[in-house]
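**Q** turn this into a structure:
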Amino acid sequence: MTNRDTLKQLLARSHYFLYKNKSKWSQNQIERANLLFELYPDIQKAYNLTQELRGIFENTT
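**A** Next up, the predicted model:
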């Protein structure tokens, strides 16, 4: 990988930032997310869906 992670390390280290909003990601997490989402587009779809759901719950009165 371009960030020197193995595929196994990329997957293991990615779960931390997947719980966060993109605005709270560090630069390292942004790079890792780009790699992860390029290799696994289904994970990106799932992440986007969870963020949309989170937005519904946060903005519902």
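**Q** read off the pLDDT value for residue 59.
**A** Looking at residue 59, its pLDDT reads 89.
**Q** next, count neighbours for residue 14.
**A** For residue 14, the number of neighbouring residues by other Cβ atoms under 10 Å comes to 19. From N, CA and C alone the C-beta is placed, and that goes for glycine too.
**Q** so who does the closest residue to it other than its chain neighbours touch?
**A** Nearest residue to residue 14 in three dimensions, chain neighbours excluded: residue 36, at 5.0 Å (Cβ to Cβ, 6 or more residues apart in numbering). Going by Cβ atoms under 8 Å, 6 or more residues apart in numbering, residue 36 touches 10, 11, 14, 43, 44.
**Q** mind checking how far the last one is from residue 61?
**A** Meaning residue 44. Separation of residue 44 from residue 61 (Cβ to Cβ, to the nearest Å) stands at 30 Å.
**Q** helix or strand: which one has the residue nearest to residue 14?
**A** helix 27-39 (DSSP states H and E).
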